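Okay, predicted coordinates and the sequence, questions at the end:
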Amino acid sequence: MTEQTVSPRDMANAIRALSMDAVEKADSGHPGMPMGMADIATVLFTKFLKYDPTDPHWPDRDRFILSNGHGSMLLYSLLYLTGYPEMTLEQLQNFRQLGSKTAGHPEYGHAPGIETTTGPLGQGIGNSVGFALAERLMQTRFGTDVVDHYTYVFAGDGCLMEGVGQEAITLAGHLGLGRLIVFFDDNNISIDGSTSLSTSDDHKKRFLAAGWHVQHVDGFDQEAITRAVRKAQKVIDKPSLIACKTIIGFGAPKKAGTAAAHGAALGKDEIAGARTNLEWPYPPFEIPEPIFTAWRKAGAKGKSQRRKWTKRHAAMPEADRAEFDRRIAGDIPGSVDEVIKAFKTKMAADKPKWATRKSSQEVLEVINPVLPDTVGGSADLTGSNNTKTKTLEGQSLSDPSGRYVYYGIREHAMCAAMNGLALHGGVIPYGGTFMVFTDYCRPSIRLACLMGVRVIYVMTHDSIGLGEDGPTHQPVEHLPALRAIPNITVMRPADAIETAECWQIAIEAKGKPTVLALSRQNLPTVRGAGDDNLCRKGAYLLAGDASAKVRLIASGSEVQLALEARDMLAKDGVQAAVVSMPSWELFEAQDERYRAEVMGPEGTARVACEAASGFGWERWLGTRGTFVGMHSFGASGKIDDVYKHFGITAEAIAEAARGLTR
């Protein structure tokens, strides 16, 4: 074999061989998808995908998303073959081993070239909506000279069966995301067996009905795949689906086309048979030099494109270039701090009695004009979440500059798309729904935490304080459930001033998502302004001093109750200090001395109050503490009546404190 005689099928077989060898060595993994989609990947990475392994974070690269992330060896093989320096042969040989860059499913941040964490099916196609939307927004702002790329997705039957997949498909079609191209691995196999066991959908008709451009090709015919991609690239007003008929485990003599090829090593005999069928007589992990060279040449082609882009970037007007670079870096301009300080000063003077969802909107009214990075939205609750401000217009094909997304009743896809927006770079996404519907959002929230991306969740109607809608809509267990996720910041502000401070923290948190838990009911202003952002500490003494023998600890709407309880106790000669605790996570990050100053030394009487489940509060209550809050689901009724019914009152807090001090 010479370099001149290397065929496209030889290059695809290199992917197949590396994938089945790595899975075999690990005795764990999914060889079937990489073996089935290798020809499609070869066409994409040698003819179309714009990338440069020597500059993997180049802003104008095309994005490749492996939504069917169980087939991770396909991606790892491609990164190795095309020359990404960190993806070495040794990494492939250590597939699925502790400490390797080649985790069982692609993990964002483990190695350059992995654009997002996938594995939970449907998440990648959900992310792709955000990636494509971010490209549109950035291109509209900065022009095609510096923003001109596609988002390509590999997706399987499972991605399309998942509910988030359908939500994402219809949203992408509605928005007309013409630079989104999805390759569907149409192999008719799921873990249980034939897909006919569980579904009879005509996926192509589904996509057509959702407003997509649809083609179908033989997934092993590289010329047909090439023609389909070229045709898809010409469609500017619709996302494209290319349904590729494939065979899972292609080449394996007995397991090809069966569920046995999906999620386990093929086995020694099957591997030997596959080598024969694929005409691949080489030892495990060995790629013949001509084939390896052909792949490395394909990987090097993007360098010239990237160099040309660098010149165009340098030729931008200075102000535009500085703004582009700032947004790609994710830095926040100083004007944001200025407007927040001014807002806090005004709130301290005006002392409004606003629901914190209203306070949030008022904060956004001053942030959005000076921070063009923000992209807002809501899952069909714009008027309730208060997420739209005067300067934001709705995003659409006819107004591609619009910074507000009407996500519709698609909470899961909204959060998956926001992950894609954040991962793409240049934008800061926030989106709203009711706190109780974090149940619909949780898989995407968890992945945002796992990846460490800046996504802001505006979760309103955060307690039994939403009143008449009743227990179906009253979150009880949701705050502790969210706090249980690693690498998240949950913040529950008490008034307009704390809300402004929490927004500032969320916007500045590059490597962490944030949940803002906001009230439906009006709350009094309990804070003065001051220059310091007290919420950064997670908790602080709001009233009283460190010498007080009792601590009344609360968050959000219950802070006002703690203040009333303090006044009641003072009449009895009991000196209490009120601790506002908007964020457990931020407080936990403080040093031990500060935490002891705020909470008092061990043995201090502590009463915590929150209109939610008390799960987890024991860590802050110490050896002499009690909790006033929810111990069941809520009830339908007027807000004041519901609070009294469940014993969440200033009187109950005061009585609990008296019980600890008798």
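Yep, that arrived.

ranges for the helices of the stretch 301-450 of the chain?
Secondary structure of the stretch 301-450 of the chain (DSSP state H, counting those that start in this stretch): helices at 302-314, 318-329, 334-350, 356-367, 382-385, 411-424, 438-451.

tell me what the longest one is packed against?
Read it as helix 334-350. Where contact means 3 or more Cβ pairs under 8 Å, 6 or more residues apart in numbering; DSSP states H and E, helix 334-350 is packed against helix 356-367, helix 496-508. Glycine gets a C-beta too; all of them are placed from N, C-alpha and C.

Try it again at 6 Å.
If you count contacts as 3 or more Cβ pairs under 6 Å, 6 or more residues apart in numbering; DSSP states H and E, helix 334-350 packs onto helix 496-508.

on contacts alone, who are the packing partners of the helix it packs on?
Secondary-structure packing of helix 496-508 (3+ Cβ pairs under 6 Å, 6+ apart): helix 334-350, helix 356-367.

8 Å instead?
For helix 496-508, the packing partners by 3+ Cβ pairs under 8 Å, 6+ apart come out as helix 334-350, helix 356-367, strand 489-491, strand 514-517.

from the helices of the stretch 301-450 of the chain, which stretch is densest packed?
helix 411-424 (a mean of 29; mean count of other Cβ atoms under 10 Å).

Give me the below-cutoff pLDDT ranges for the protein.
Within the chain, no stretch has pLDDT under 70.

re the thing from before, closest to residue 143 out of the helices of the stretch 301-450 of the chain?
Proximity to residue 143, assessed across the helices of the stretch 301-450 of the chain by Cβ to Cβ, is greatest for helix 318-329 (8.5 Å).

Can you name the residues in contact with that closest one?
Residues outside helix 318-329 that contact it (Cβ atoms under 8 Å, 6 or more residues apart in numbering): 59, 138, 142, 146, 313-314, 316, 333, 372-373, 425-427.

I'd say residue 188 and residue 194 touch.
Yes: counting by Cβ atoms under 8 Å, residue 188 touches residue 194, with 5.9 Å between them.

partner strands of the longest strand seen in the chain, parallel or antiparallel?
If you go by DSSP state E, the chain has its longest strand at strand 605-613. Paired neighbours of strand 605-613 in the sheet (DSSP bridges): strand 550-554 (parallel), strand 625-630 (parallel).

before we move on, the earlier item: and the helices and strands packed on helix 496-508: which comes nearest residue 123?
Across these, residue 123 has its closest neighbour in strand 514-517 (18.7 Å, Cβ to Cβ).

List the buried residues of stretch 254-274.
Applying a neighbour-count criterion of 16 or more other Cβ atoms under 10 Å, one finds 255-262, 264-266, 270-271, 273-274 buried in stretch 254-274.

Work out the gap between it and the centre of the chain.
From the chain centre to the centre of stretch 254-274 is a distance of 34 Å (Cα atoms, centre = their mean, to the nearest Å).

Name the residues that touch it?
For stretch 254-274, contacts defined as Cβ under 8 Å, 6+ apart pick out 16, 20-21, 23-24, 26-33, 35, 70, 187, 189-194, 247-253, 280.

What's the ChimeraX syntax to select whichever of the residues you listed are buried?
Buried residues within the contacts of stretch 254-274, by 16+ other Cβ under 10 Å, are selected in ChimeraX with:
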select :16,20,21,23,24,26,29,30,31,32,33,35,70,187,189,190,247,248,249,250,251,252,280
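
Take the helices of the stretch 301-450 of the chain and write them to a markdown table, including distance to residue 492.
Formatted as a markdown table, the helices of the stretch 301-450 of the chain follow (distance: least, Cβ to Cβ, whole Å):
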| stretch | distance to residue 492 |
| --- | --- |
| helix 302-314 | 42 |
| helix 318-329 | 30 |
| helix 334-350 | 18 |
| helix 356-367 | 8 |
| helix 382-385 | 15 |
| helix 411-424 | 19 |
| helix 438-451 | 13 |
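
who's in contact with the residue lying closest to residue 606 once chain neighbours are set aside?
Nearest non-adjacent residue to residue 606, counting by Cβ to Cβ, 6 or more residues apart in numbering: residue 625, 3.8 Å away. By Cβ under 8 Å, 6+ apart, the residues touching residue 625 are 605-608, 618, 660.

between these, which is nearest residue 356?
Checking these against residue 356 with Cβ to Cβ, the nearest one is residue 608 at 19.2 Å.

Could you tell me how many residues sit around the closest one?
The tally of other residues near residue 608 (other Cβ atoms under 10 Å) stands at 25.

Quick check: it touching residue 559?
No: Residue 608 is beyond contact range of residue 559, at 11.5 Å (criterion: Cβ under 8 Å).

Ok, which of the helices and strands packed on helix 496-508 comes nearest residue 293?
Between the helices and strands packed on helix 496-508, strand 514-517 lies closest to residue 293; by Cβ to Cβ that is 47.6 Å.

And the contacts of that closest one?
With contact meaning Cβ under 8 Å, 6+ apart, strand 514-517 is reached by 360, 435, 438, 445, 454-459, 462, 479, 482, 488-493, 499, 502-503, 505-506, 556.

Just the CA trace of that strand, in CSV.
C-alpha atoms of strand 514-517 as CSV (Å, rounded to 0.1, in the frame of the first residue of the first chain):
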residue,chain,number,x,y,z
THR,A,514,-26.3,29.2,38.9
VAL,A,515,-29.9,28.7,40.0
LEU,A,516,-31.7,31.8,41.1
ALA,A,517,-34.7,30.8,43.2
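
partners of that strand in the sheet?
Strand pairing for strand 514-517, using DSSP bridges, gives strand 456-460 (parallel), strand 489-491 (parallel).

Which element is encountered next along the chain beyond it?
strand 522-523 (DSSP states H and E).

strand partners of that following strand, parallel vs antiparallel please.
With DSSP bridges as the test, strand 522-523 pairs up with strand 354-355 (antiparallel).

Mind listing what's buried along whatever helix or strand residue 225 lives in?
Following DSSP H and E, one finds residue 225 within helix 222-233. The neighbour-count check on helix 222-233 (16+ other Cβ under 10 Å) flags 222, 224-226, 228-229, 232 as buried.

contacts for whichever strand or helix holds residue 181?
According to DSSP H and E, residue 181 maps onto strand 180-186. Contacts to strand 180-186, defined as Cβ under 8 Å, 6+ apart, come from residues 33, 36-37, 40, 44, 68, 125, 128-129, 131-132, 150-157, 160, 172, 203, 216, 219, 229, 232-233, 239-246.
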